[in-house]
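> I need the structure of the sequence given here:
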Amino acid sequence: MNDRIEIIDGGNWEEFLSSRFAVLMLAKTTCEHCKAWIAELGEALGDTGRYEGVRFGKMFLDKPGLVSFKRANPWLAEVGDLPTNLLYVDGERIK
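Have a look, this model is predicted:
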């Protein structure tokens, strides 16, 4: 497991997304493509300091406790493919 990829849940998502630069990966625990992408990204990040100042996080949408995140992000209902990657700058979803 790579320490650069934080686990984002109902208790820390607001703080994480308000970072200067944040990349959030939406996934499900049963999604094999999600697991593979998280592992690949973790390997690419390594401990090199690459992308210093950027926070990387993964959120498992099938875990409990995400009601506030789902309510605050109604566009989430339209996400069909996982994993999905989101880029936030100063708390605003850019892509």
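> helix or strand for the residue nearest in space to the middle of the chain, which one?
Residue closest to the average C-alpha location in the chain (Cα atoms, centre = their mean): Leu24, at 2.4 Å. In this structure, Leu24 is located in strand 21-27 according to DSSP states H and E.
> Counting by contacts, list what that strand packs against.
If contacts are counted by 3 or more Cβ pairs under 8 Å, 6 or more residues apart in numbering; DSSP states H and E, strand 21-27 sits against helix 13-17, helix 32-45, strand 54-60, strand 84-89. Every residue, glycine included, has its C-beta placed from N, CA and C.
> Switch those over to JSON lines; also include mean pLDDT.
Listed next are the helices and strands packed on strand 21-27 as JSON lines, based on pLDDT from 0 to 100:
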{"stretch": "helix 13-17", "mean pLDDT": "97"}
{"stretch": "helix 32-45", "mean pLDDT": "92"}
{"stretch": "strand 54-60", "mean pLDDT": "96"}
{"stretch": "strand 84-89", "mean pLDDT": "96"}
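> would JSON lines of those with distance to Asp3 be doable?
Shown next, in JSON lines, are those (distance: least, Cβ to Cβ, whole Å):
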{"stretch": "helix 13-17", "distance to Asp3": "15"}
{"stretch": "helix 32-45", "distance to Asp3": "9"}
{"stretch": "strand 54-60", "distance to Asp3": "10"}
{"stretch": "strand 84-89", "distance to Asp3": "19"}
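> would TSV of the ones you listed with mean neighbour count and distance to Arg71 be doable?
Below are these laid out as TSV (neighbours: other Cβ atoms under 10 Å; distance: least, Cβ to Cβ, whole Å):
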stretch	mean neighbour count	distance to Arg71
helix 13-17	17	12
helix 32-45	14	23
strand 54-60	20	14
strand 84-89	15	17
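> Of all the ones you listed, which one is nearest Phe69?
Of all the helices and strands packed on strand 21-27, it is helix 13-17 that lies closest to Phe69, at 4.9 Å by Cβ to Cβ.
> how far out from the middle of the chain is the closest one?
The chain centre lies 10 Å from the centre of helix 13-17; the measure is Cα atoms, centre = their mean, to the nearest Å.
> same thing with stretch 86-95?
In terms of Cα atoms, centre = their mean, the centre of stretch 86-95 is set 11 Å apart from its chain centre.
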